[in-house]
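>>> Structure for this input, please:
(2 chains)
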Number of protein chains: 2
Amino acid sequence: MLPDQQFLRIPGPTPIPPSVERAMSRPMIGHRNPETAELLEKIKPGLRAIFGTKQDVLILAGSGTAGLEAAVTNAVKPNEEALVIVTGAFGDRFHKICQAHEIKAHRLDIDWGEAASPDQVKTYLEKHPQIKAVFMTYCETSTGVLNPIAHIAEVVKQYSDALTIVDGVSCVGAVETKMDEWGIDLFITGSQKALMLPPGLTFLVASDRAWKVMSENERPRFYFDLQTYRDKLAQNSTPYTPALSLLFGLEQVLNLMNEEGLDEVYKRHLLMKNMTRHAFKALDLPLLTSDKDASPTVTAVKPVDFSADDLRQIAKKEFGMSLAGGQQHLKGKIFRVGHMGYSSPADVLQYISIIELALTKVGKSIELGKGVQAAQEVYLKQ
Amino acid sequence: MLPDQQFLRIPGPTPIPPSVERAMSRPMIGHRNPETAELLEKIKPGLRAIFGTKQDVLILAGSGTAGLEAAVTNAVKPNEEALVIVTGAFGDRFHKICQAHEIKAHRLDIDWGEAASPDQVKTYLEKHPQIKAVFMTYCETSTGVLNPIAHIAEVVKQYSDALTIVDGVSCVGAVETKMDEWGIDLFITGSQKALMLPPGLTFLVASDRAWKVMSENERPRFYFDLQTYRDKLAQNSTPYTPALSLLFGLEQVLNLMNEEGLDEVYKRHLLMKNMTRHAFKALDLPLLTSDKDASPTVTAVKPVDFSADDLRQIAKKEFGMSLAGGQQHLKGKIFRVGHMGYSSPADVLQYISIIELALTKVGKSIELGKGVQAAQEVYLKQ
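Predicted structure coming up:
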């Protein structure tokens, strides 16, 4: 294998564009300097566009889980009831955070690989009128499902007065997102997925309704108190030391997304999804999710006649290509390929051709080139 | 197209490994500091191994052409006779340099796309006993031919007392090279091809025989006087300011080549050549060179039913993939793909799949995936 060559095809962290690497290597500045204020001001419009909101997007130094915990602790009081829609490992994480914070957290468990349906949520809410918040995952990274959050949010609004709180970590920035129009109250994402940055930042946006609820919540909190971030951001500042190099990178990420155009970014992700799914189907690989439920950012395969982990090992050992495995009860049973952020159809063609070789090496009989051909046909038909 | 994504598939400059980029961004040091001396000492064994020589390898700040000119002006006196074997644009450049320096330069012109044969050289030398130097190109970048320099050097030694002077720019470091064993007298390469660095360094090695001839050459020279570089290198120094960041990078390049093992590096290049040629044959693309004459580092295609330049434009515009065109009378008539340095079978699969798409777009009827399949089969059979 060629030393120093790595193809990062897991669903995050994702590859960093070279111009973003360069931006991040800019020398440190004082975080109370006017340059930091200018930077915070400059990145506001790009972040708003990605979430589809008029609200300011708060930036915390922390991983995505920090953002999920901040959402839970700001929005829900101890002993209040909440509903967590669990479609995979990250829905489960939301539930664990709720439990840690003494919230009466109901679980609506969906089979892993399927999306939640608005009807299920409606039925649940009608039975449990005390529910104050509904937590859900936009793209469930562990399965590659994209949940219909716009429709679920509509149902939540219609059948309860609960807040709709969405983990958007593995798709905001890659998939069309209209927070205000869809009536999402609290939306969270992270830096290391569609936003093409290293891990270390989490982003939160709240609706006016959510701000009202949060202001009435006296639960003790300090680093995660979102009101302090809001107050400081209004002055183009941060309450605590910001992760500056990631902000330097973010500025360039937003330049790149602006250069390409958000609609083109979303189209590219849909194209990569379609190329990937058609290729896997042509190779007779069983997909974990249906076409209807599939996320544009990550695709999971559940093989029946070879070991997913053997395939992943060969891809890593022979080509330096990282594919993700399964989590919890899917451990060892699936492999997942990420196609988001700094990823293109050229990358899809490459990972399909490598997966074909690895399939042959694990003993699966396939026609070489067939998956690539299927992906190429999708590319040409766009 | 994804902004900031570029696939550099020309035969140099070639992509830079990330660890080499990082090494090059090290802060400047004083070029007369002990650190510089340590660096110059440290890189000696790696460079010797690449050339297959016991001699010290001189490093000049300059492009490959600077190295070619230094070879000409140190080794041949004005009005002496020399033979230049011209198999393409870089053989032609050697001839132009000889002419500029008032050397009576004979040309042995070979059809572009073919290698020179030792017999042709023998015949020429027998007719022209006054020839003092024979210039040739190892890999002729403009056609993708690898000349049989070991056999030609043998003939030169047997049928004349001329020096054998070889331009190794687009293959030394990618193709097995045994300067001492083969009896090459002066060997030149550049930094931006198999050595995975940006352009800016040229490397020269001379045999004892060449050093003797050069010491007797009183042609005026200053920056290109190789003896001054030799004297300084013996003290781990340089006569003039060295291109330090490229030396920082070179140290890491040699680490990477050592980690992989030179034999593995050479095998990888042979594998990439074979994958590429089988793929192009499967796609019915006429190759400019025969299998026998083909270089492991660059492959040229001479299409008959589509425009090479149209194909290159589509690859660049839709995928950010740079392919090279033809030079001189081959301009517009061929395209060339580089597969050397920081390049792997994974990269080959990617450029074949993209070339397939571009072929379809220029109207050539091909079976999609067929070239990839042929390349995959070569990979599996190794």
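>>> quick one: contacts of the lengthiest helix in chain A?
What stands out as the longest helix in chain A, according to DSSP state H, is helix A:262-282. Helix A:262-282 is contacted by residues A:49-50, A:173-176, A:194, A:257, A:260, A:287, A:291, A:294-297, A:299, A:301, A:337, A:339-340, A:343-345, A:347-349, A:352, A:370-375, A:377-379, A:382, B:2 when judged by Cβ atoms under 8 Å, 6 or more residues apart in numbering or on different chains. Placement of C-beta: from N, CA and C, glycine included.
>>> how distant is that helix from the center of its chain?
For helix A:262-282, the separation from the chain centroid amounts to 16 Å (computed by Cα atoms, centre = their mean, to the nearest Å).
>>> C-alpha coordinates for it, CSV please?
C-alpha atoms of helix A:262-282 as CSV (Å, rounded to 0.1, in the frame of the first residue of the first chain):
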residue,chain,number,x,y,z
LEU,A,262,-26.2,25.2,-1.8
ASP,A,263,-28.7,23.7,-4.4
GLU,A,264,-25.7,22.2,-6.2
VAL,A,265,-24.3,20.8,-3.0
TYR,A,266,-27.7,19.1,-2.3
LYS,A,267,-27.9,17.8,-5.9
ARG,A,268,-24.3,16.4,-5.6
HIS,A,269,-25.3,14.5,-2.5
LEU,A,270,-28.4,13.1,-4.1
LEU,A,271,-26.3,12.0,-7.1
MET,A,272,-23.7,10.3,-4.9
LYS,A,273,-26.5,8.5,-3.1
ASN,A,274,-28.1,7.3,-6.3
MET,A,275,-24.8,6.2,-7.8
THR,A,276,-23.9,4.3,-4.7
ARG,A,277,-27.2,2.5,-4.3
HIS,A,278,-27.4,1.6,-8.0
ALA,A,279,-23.9,0.2,-7.8
PHE,A,280,-24.6,-1.9,-4.7
LYS,A,281,-27.8,-3.2,-6.3
ALA,A,282,-26.0,-4.1,-9.5
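>>> That helix: which residues count as buried?
Neighbour-count burial for helix A:262-282, counted by 16 or more other Cβ atoms under 10 Å in any protein chain shown, picks out A:262, A:265-266, A:268-269, A:271-280, A:282.
>>> from the contacts of helix A:262-282, which would you call buried?
A:49-50, A:173-176, A:194, A:257, A:260, A:287, A:294-297, A:299, A:301, A:337, A:339-340, A:343-345, A:347-349, A:352, A:370-375, A:377-379, B:2.
>>> sorry, back to before: give me the subset of the contacts of helix A:262-282 lying in strands.
Under the assignment DSSP state E, the contacts of helix A:262-282 contribute A:299, A:301, A:337 to strands.
>>> Dump the residues you listed into a markdown table; add distance to residue A:28 and pLDDT as well.
As requested, the ones in strands among the contacts of helix A:262-282 are arranged in a markdown table below (distance: Cβ to Cβ, whole Å; pLDDT from 0 to 100):
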| residue | distance to residue A:28 | pLDDT |
| --- | --- | --- |
| A:299 | 39 | 98 |
| A:301 | 43 | 98 |
| A:337 | 36 | 98 |
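>>> now stretch A:178-187: how far from the chain's centre is it?
In terms of Cα atoms, centre = their mean, the gap separating the centre of stretch A:178-187 from the centre of its chain is 16 Å.
>>> in that stretch, what counts as buried?
Neighbour counts using 16+ other Cβ under 10 Å place A:179, A:182-187 of stretch A:178-187 among the buried residues.
>>> which of these lies closest to residue B:225?
residue A:187 (67.9 Å; Cβ to Cβ).
>>> Now do the same for the closest one: helix, strand or coil?
Under DSSP: H, G, I helix; E, B strand; the rest coil, the three-state class of residue A:187 is strand.
>>> Just confirm it contacts residue A:202, I think it does.
No: between residue A:187 and residue A:202 there is no contact under Cβ atoms under 8 Å: 11.2 Å.
>>> Next, count neighbours for residue A:338.
28 (other Cβ atoms under 10 Å in any protein chain shown).
>>> Let me fix that, I meant to ask about residue A:236.
When counting by other Cβ under 10 Å, one arrives at 15 neighbours for residue A:236.
>>> can you check residue A:292 too?
10.
>>> Now do the contacts for it.
Residues in contact with residue A:292 (Cβ under 8 Å, 6+ apart) are residue A:115.
>>> Residue A:148 versus that one, what's the distance?
According to Cβ to Cβ, to the nearest Å, residue A:292 stands 9 Å off from residue A:148.
>>> can the buried residues of stretch A:178-187 go into JSON lines with extra columns for distance to residue A:102 and pLDDT?
As requested, the buried residues of stretch A:178-187 are exported to JSON lines (distance: Cβ to Cβ, whole Å; pLDDT from 0 to 100):
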{"residue": "A:179", "distance to residue A:102": "28", "pLDDT": "98"}
{"residue": "A:182", "distance to residue A:102": "29", "pLDDT": "98"}
{"residue": "A:183", "distance to residue A:102": "27", "pLDDT": "98"}
{"residue": "A:184", "distance to residue A:102": "25", "pLDDT": "98"}
{"residue": "A:185", "distance to residue A:102": "21", "pLDDT": "98"}
{"residue": "A:186", "distance to residue A:102": "19", "pLDDT": "98"}
{"residue": "A:187", "distance to residue A:102": "24", "pLDDT": "98"}
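>>> Just name the closest of the residues you listed to residue A:75, please.
When those are compared against residue A:75 (criterion: Cβ to Cβ), the nearest one is residue A:186, at 5.8 Å.
>>> ok, and the closest non-adjacent residue to the closest one?
Sequence neighbours aside, residue A:165 is the residue nearest to residue A:186 in space, at 4.3 Å (criterion: Cβ to Cβ, 6 or more residues apart in numbering or on different chains).
>>> tell me which element the one you found is part of?
According to DSSP states H and E, residue A:165 maps onto strand A:163-167.
>>> So which other helices or strands are in contact with that strand?
In terms of contacts (3 or more Cβ pairs under 8 Å, 6 or more residues apart in numbering or on different chains; DSSP states H and E), strand A:163-167 is packed against helix A:64-75, helix A:89-100, strand A:131-137, helix A:149-159, strand A:186-190, helix A:208-215.
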